[in-house]
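Trainee: make a model of this:
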Amino acid sequence: MADYLVRATAANAQIRAFACVTRDTVETARKAHDTSPVVTAALGRLLTGAAMMGSMLKGEKDLLTLQIHGSGPVKGMTVTADSAGHVKGYANEPQVMLPPNAKGKLDVGGAVGIGFLNVIKDMGLKEPYVGQTVLQTGEIGDDLTFYFATSEQTPSSVGLGVLMEKDNTVKQAGGFIIQLMPFAGEDVISALEENLRKVDSVTALLDAGKSADQILEVILDGLGVEFTDRMPVSFFCNCDKERVSKALVSVGKEELKSMIEDGKTIEVNCHFCNTFYHFTVEELKELRKKAMR
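Mentor: The predicted structure follows:
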């Protein structure tokens, strides 16, 4: 099943909900960055959360960036998403290895550590919106839940999960975001809380074969879920050699002159997808001409 995301409402629009399956997306990121299992889980959760949060954006050119800066060995992660289900991202230290946590699970919280989360929304205005919150557990889902409550004043429940195979490939990945509207009644809140208490974990639902639609049907059982939208989700990076060329021109003619004088082909890496671009001395000379115009 290809990765996808669904949006829904429930309880006569007192609840809005999102869910997605992202196995292929997270596996693509794992392959691109050669991440260890615990980093795959951490980055996969952040990519999954970003895909759902990106779908909340209104404009086609709007862009969401999630940055985590932590004291743990992974040091930090950066993920971007648009409103069309495209996500990309990387971890600062992709090869972190840690023993399992007290529950015998991948220790994402230990890998991330204490620190803060930045949520940046570029919506074509003069300045992007920037929200910053302190990490609560480093487990990503809890941290996004706290962000919604404090920065957007929206009571939310965020569940994210990545399940690994024994060969360290991704077996399952996905998540949900459930949000209460300001006019939600106490009976609706109580029913939702009871349903959420019955949910063991996202990975348990995914491993039981639940689709994104079925995850919301479980969480919103008895609350009249109505699906409103569905879109594909994928790991997608829009870098290419032309974009990288423009970035090189922007470093200035003196810096390019220094590269040319070294007399060697240079290698430029895209952090987001780990693609390498090579520029010969002759290509650098052409770029320097553009920088001098």
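Trainee: and the gap between the spatially most central residue of the chain and residue 204?
Mentor: Compute the mean C-alpha point of the chain, and by C-alpha atoms, centre = their mean the closest residue is residue 47, 2.1 Å away. Relative to residue 204, residue 47 is positioned 20 Å away (C-beta to C-beta, to the nearest Å). C-betas here are computed from N, CA, C, even on glycine.
Trainee: and what of residue 151?
Mentor: With C-beta to C-beta as the criterion, residue 151 and residue 204 are 29 Å apart.
Trainee: again, but for residue 2
Mentor: Residue 2 is 22 Å from residue 204, by C-beta to C-beta.
Trainee: if you count what's nearby, which of those two comes out ahead?
Mentor: Comparing residue 2 with residue 204 by neighbour count (other C-beta atoms under 10 Å), the higher total belongs to residue 204, at 13 against 10.
Trainee: and the more buried one, what helix or strand is that in?
Mentor: helix 202-207 (DSSP states H and E).
Trainee: so for that helix, mean pLDDT?
Mentor: In this model, helix 202-207 carries a mean pLDDT of 95.
Trainee: ok, and what's touching the helix or strand just after that helix?
Mentor: Elements were assigned by DSSP H and E; along the chain past helix 202-207, the next helix or strand is helix 212-219. With contacts defined as C-beta atoms under 8 Å, 6 or more residues apart in numbering, helix 212-219 is touched by 4-6, 8, 17, 19-21, 174, 176, 178, 192, 195-196, 199, 202, 205-206, 210, 225, 227.
Trainee: which residue is the nearest non-sequential neighbour of residue 274?
Mentor: Closest residue in space to residue 274, ignoring its immediate chain neighbours: residue 32 at 4.7 Å, by C-beta to C-beta, 6 or more residues apart in numbering.
Trainee: output the helix or strand hosting that neighbour as PDB, nothing but the C-alphas.
Mentor: Remark: residue 32 resides in helix 23-33, with elements defined by DSSP H and E. Once non-C-alpha atoms are left out, helix 23-33 reads as follows in PDB (Å, rounded to 0.1, in the frame of the first residue of the first chain):
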ATOM      1  CA  ARG A  23       6.500   3.100   5.700                       C
ATOM      2  CA  ASP A  24       7.900   3.800   2.200                       C
ATOM      3  CA  THR A  25       8.600   7.400   3.100                       C
ATOM      4  CA  VAL A  26      10.600   6.500   6.200                       C
ATOM      5  CA  GLU A  27      12.400   3.600   4.500                       C
ATOM      6  CA  THR A  28      13.400   6.000   1.700                       C
ATOM      7  CA  ALA A  29      14.900   8.300   4.400                       C
ATOM      8  CA  ARG A  30      16.600   5.400   6.000                       C
ATOM      9  CA  LYS A  31      18.300   4.300   2.800                       C
ATOM     10  CA  ALA A  32      19.300   7.900   1.800                       C
ATOM     11  CA  HIS A  33      21.000   8.600   5.200                       C
END
